[in-house]
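Colleague: prediction below, plus the sequence it came from.
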Amino acid sequence: MTAEIVDSPQFAAETDHLLKRFANQPEGPDLDPYQALLLDREELPDPELAGECDPRTHPEDLTITLPDRRLQARVYRPLTSSPRPVVLWLHGGGFIGGDLRDIEYATSGIAAAGNVIVVSLNYRLAPECPYPAGLHDVRDTLDWLREHTAELNGDGRIAVGGQSAGAALAAGACLLARDEGTPLPDRQILCYPSLDLDQDTESYRLFDGTFLSIAPGSWSSAQYFPDGDLPAAAVPLRAATCAGLPPALVLAAGRDPLRDDARTYASRLGQDGVPARLVEYADTMHAFLNFPAALSAGRHAVELIGADLRTTFNGPHP
């Protein structure tokens, strides 16, 4: 495993400013958690925080038809016309929220910077569809992408990536593929992943409540995770071994209660013989890729992921 720190004096100041802005927002109406979740799902991203779609791509809405369901996705193609690798990307949101529209700067930017085709998926969410619905959506969509690669102008190579809960689904889908003997993605990209439940880590003790809380007994976790022992595909840090998984790029945020999930999983991958690159953004908060207009770490990470994909898929941008 290789480990890198990306640091800049502006990271801490930008994070402080954004956290203060969130703290000063007026409180909404007093609703039960599910009503509040439904309202949150309808809220559109603020371009002053989320940025906008990269003009170097062609976005196109897509319906992915699976045997018993239909999923909405958006495809971002670089301006080059030749067939390219396909990257399945998964938004965050604690397995209960989030939407592909929240991360268009990242998904379109990765397509442009990486010279790849990015398919951003709206997988099913809890509490309506608890585990393993979202995980199965990712597994089955990877199969669908292989079957329809020519229609997408793909060249047959596939990567999977995501943010927070989406990164957990990406990691879990790789574990499923390995254990079920189906084709593995060529690379997994895990951005500040949530890979366990009820973690008692240094980063939890230092940073819980810094934008995100992972304290035990949360309402959101109870909506998604089943009772009893959890399979490794749900909590990848509990996998008996990481051997045989795809090479990984793992991004961490220095002021994130989930920081140690990223560090530990990258280390586990490396110990089990999987090439892994850990990149940690110092003094940066969880979900920084959702706020690239306010956090330069988010903009930097999009370019870094793009460069990593160019290296993975045969060298520099043509």
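Modeller: That came through fine. Numbering: from 1, shown residues only.
Colleague: and the helices in the stretch 1-150 of the chain?
Modeller: 9-23, 33-42, 47-50, 104-114, 133-147 (DSSP state H, counting those that start in this stretch).
Colleague: check which residues of the third one are buried.
Modeller: This points to helix 47-50. By neighbour count with 16 or more other CB atoms under 10 Å, helix 47-50 contains the buried residues 49, 50. (Each C-beta comes from the backbone N, C-alpha and C, glycine too.)
Colleague: and for stretch 48-58?
Modeller: Going by 16+ other CB under 10 Å, stretch 48-58 has these buried residues: 49, 50, 51, 53, 54, 56, 57.
Colleague: state the pLDDT value of residue 83.
Modeller: On pLDDT, residue 83 comes in at 96.
Colleague: where does the stretch 1-150 of the chain dip in pLDDT?
Modeller: Within the stretch 1-150 of the chain, no range satisfies pLDDT under 70.
Colleague: still on that earlier bit, residue 309 is nearest to which of the helices of the stretch 1-150 of the chain?
Modeller: helix 104-114 (3.5 Å; CB to CB).
Colleague: tell me how far stretch 65-78 is from the chain's mean position?
Modeller: Computed by CA atoms, centre = their mean, to the nearest Å, the chain-centroid distance of stretch 65-78 equals 17 Å.
Colleague: ok, back up a step: of all the buried residues of stretch 48-58, which two lie farthest apart?
Modeller: 49 and 56 (21.2 Å).
Colleague: hey, where'd the strands end up in the stretch 101-250 of the chain?
Modeller: Along the stretch 101-250 of the chain, counting by DSSP state E, counting those that start in this stretch, strands occupy 117-122, 154-163, 187-191, 248-255.
Colleague: and the nearest residue to residue 33 once chain neighbours are set aside, how many neighbours does it have?
Modeller: Nearest non-adjacent residue to residue 33, counting by CB to CB, 6 or more residues apart in numbering: residue 219, 4.8 Å away. By other CB atoms under 10 Å, the residues close to residue 219 number 14.
Colleague: could you verify my assumption that residue 168 touches residue 194?
Modeller: Yes - contact status for residue 168 versus residue 194: in contact at 4.9 Å, counting by CB atoms under 8 Å.
Colleague: the two: which is more packed in?
Modeller: residue 168 (32 against 29).
Colleague: measure that one to residue 238 for me?
Modeller: Note on residue 168: its distance to residue 238, by CB to CB, to the nearest Å, is 12 Å.
Colleague: please apply the same query to residue 197.
Modeller: 9 Å.
Colleague: same check, this time on residue 303
Modeller: 33 Å.
Colleague: over to residue 29?
Modeller: When residue 29 is compared with residue 238 (using CB to CB), they lie 38 Å apart.
Colleague: higher neighbour count, these two?
Modeller: residue 238 (14 against 7).
Colleague: who's in contact with that one?
Modeller: Shown in contact with residue 238 (CB atoms under 8 Å, 6 or more residues apart in numbering): 196, 230, 232.
Colleague: of those, closest to residue 150?
Modeller: Nearest member of the contacts of residue 238 to residue 150, counting by CB to CB, is residue 232, at 33.5 Å.
Colleague: how deep is the closest one tucked in, by neighbour count?
Modeller: Other residues near residue 232 number 18, with proximity taken as other CB under 10 Å.
Colleague: please name the nearest non-neighbouring residue to it.
Modeller: residue 239 (3.9 Å).
Colleague: sorry, back to before: need the buried residues of stretch 48-58 in TSV (columns: distance to residue 40).
Modeller: What follows is the buried residues of stretch 48-58, written out as TSV (distance: CB to CB, whole Å):
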residue	distance to residue 40
49	15
50	14
51	20
53	22
54	26
56	31
57	27
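Colleague: okay, and which of those residues map to strands?
Modeller: residue 57 (DSSP state E).
Colleague: what's the offset of the helix or strand that residue 299 is a member of from the middle of its chain?
Modeller: Taking DSSP states H and E as the definition, residue 299 sits inside helix 296-312. In terms of CA atoms, centre = their mean, the centre of helix 296-312 is found 14 Å from the chain centre.
Colleague: same question, stretch 106-119
Modeller: With CA atoms, centre = their mean, you get 14 Å for stretch 106-119.
Colleague: with only the CA atoms kept, save that stretch in PDB.
Modeller: In PDB, the C-alpha atoms belonging to stretch 106-119 read as follows (Å, rounded to 0.1, in the frame of the first residue of the first chain):
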ATOM      1  CA  ALA A 106     -17.600  15.100  -9.500                       C
ATOM      2  CA  THR A 107     -19.100  12.600 -11.900                       C
ATOM      3  CA  SER A 108     -18.800  14.800 -15.000                       C
ATOM      4  CA  GLY A 109     -15.400  16.000 -13.900                       C
ATOM      5  CA  ILE A 110     -14.100  12.500 -13.500                       C
ATOM      6  CA  ALA A 111     -15.400  11.600 -16.900                       C
ATOM      7  CA  ALA A 112     -13.600  14.600 -18.500                       C
ATOM      8  CA  ALA A 113     -10.400  14.300 -16.400                       C
ATOM      9  CA  GLY A 114     -10.200  10.500 -16.700                       C
ATOM     10  CA  ASN A 115     -11.300  10.300 -20.300                       C
ATOM     11  CA  VAL A 116     -13.800   7.600 -19.200                       C
ATOM     12  CA  ILE A 117     -17.500   7.200 -19.400                       C
ATOM     13  CA  VAL A 118     -19.100   7.600 -16.000                       C
ATOM     14  CA  VAL A 119     -22.500   6.100 -15.200                       C
END
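Colleague: that concludes my questions; thank you for your assistance.
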